[in-house]
Every structure is written in C-alpha cells, then in structure tokens.
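K.L.:
mind looking at a prediction? Sequence and model below.
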Amino acid sequence: MIVECPYCESKVDAEEKGSVSIDDEHVPVPTKAVLLECKICHSPLYGITELIQIDEHSWEWDHVSRLWPAQDTDIDWGIPEIARISLIEAKLCFKAKAFSACAVMCGRTIEGVCKHHDAKTRSLALGLKKLKDDGIIDTRLYTWGEALRGHRNLGAHATIERVSKEDAKDLLDFSIAICEYVFVLNEKFNRFQARQNKKS
Ligand SMILES: [Zn+2]
C-alpha cells in the first residue's frame, strides 16, 4: 500500500499488518483503517484507505491517508482561516528545510491571530501588544510573540544571517501553541464556563 512516510520523507510502499473495515452509513464506499509498516525504515504507520475502481472490472485500495503520525497539514479546524493558511505553509516550509521562509510564515500566522482579534491591526508589534492588553494572551505568550517577531524580521529581510533549524522548529511550535491557546483552548473554556453558569 502506498502511504507517505514521515521518516523517509517520501511516498513509500508499506506492508499491511492489520485492518478493520469501517461500517458506517455515512461512508459511501468500502473503507478500512490500516496498520502499516514502511518497507524502507520499518516504522509503524496508521491510516485510512478506501476502495477505488481502476477499470471496468477491477478495484483496488487507494493511497492511504495517514492519521498517525499526524500529517503536516493537520491543523485544528477551530483555528480560523486567516491564521490557518499561514500555519500550514509554515509547516510545509519547515518540512522543505526553508527555515527563514518558515519564520516568515510563523510571523504571518501570528499577524493573522492579531487581525482576527482586531481587524484594524497595523503591525505585528502593535497587534501583539493589543492581544496582551485585552487579556487574550498572557505575559509569557507575549514574550514568545516578541521573540517570533524578531525572527520574522530576520527571515523577511535580505541579510546574510540565517534562521537555524532549531529556531525555526521552536517558532513553529510556538505558533501552533499560540493558535491553539487563543482559538481552541479559550473556546473550550468559554463553553465550560457557560455550562457551569447554566447549572448554578
Ligand atoms: Zn519509512
């Protein structure tokens, strides 16, 4: 079965080690969850595949959509598009080892967070300050945001200084963390509080 292996960083042929078919009225074609082993690096992979028709008489299992380890483009759907698109690109830049570009896209992600909060935001510096002043982020996240802003500038301008792989990874993790904090966790907490208020 063909699947993308994150360790080999390419599409590989993987051996099926086990499967469970998914019987669900909402799934119109035969579908199964599969546990695979990459034939090159022997890593375990898990995903979903469906039966597709390849000619008049024959069917075969399609390329597997990997669920674990998570795909690089797997981003929580609670994150609005204005931040989401840049975050996906930041992940793709990192994967392509374009670390300066990754830093720039991380900066763009946080700009998206600021713009979502206040559409009139004119710069990342002012946007971050507003997020802090309005209590959307705390001091620690604000400090992280400022560090990210510095690296974004480093990545965006024509200098000979480069963003290292380690720094790019930290900036990426931070961008994901701030998006999840602002959009996913805050939202969960609001729903939790609404339930508590209803009870009392
Ligand atoms: Zn592999």
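P.N.:
Ah, there it is. Residues are numbered from 1 along each chain as shown.

K.L.:
for the longest strand that the chain contains, give the mean pLDDT please.
P.N.:
Ordering each strand of the chain by length in residues (DSSP state E) puts strand 10-22 first. For strand 10-22, mean pLDDT rounds to 94.

K.L.:
and it, which strands flank it?
P.N.:
Using DSSP bridges, the strands paired with strand 10-22 are strand 2-5 (antiparallel), strand 31-38 (antiparallel).

K.L.:
which parts of stretch 119-136 are buried?
P.N.:
Using 16 or more other C-beta atoms under 10 Å as the test for burial, stretch 119-136 gives 121, 124, 127, 128, 129, 130, 131, 132, 136. No exception for glycine: its C-beta is placed from N, CA and C like everyone else's.

K.L.:
pass me the low-pLDDT residue ranges in this structure, would you?
P.N.:
72-73 (pLDDT under 70).

K.L.:
helix, strand or coil for the residue most central in space within the chain?
P.N.:
For the chain, the residue nearest the mean C-alpha position is residue 75 (3.4 Å; C-alpha atoms, centre = their mean). The three-state label given to residue 75 by DSSP: H, G, I helix; E, B strand; the rest coil is coil.

K.L.:
for the ion, see how far away it is.
P.N.:
23 Å (C-beta to the ion, to the nearest Å).
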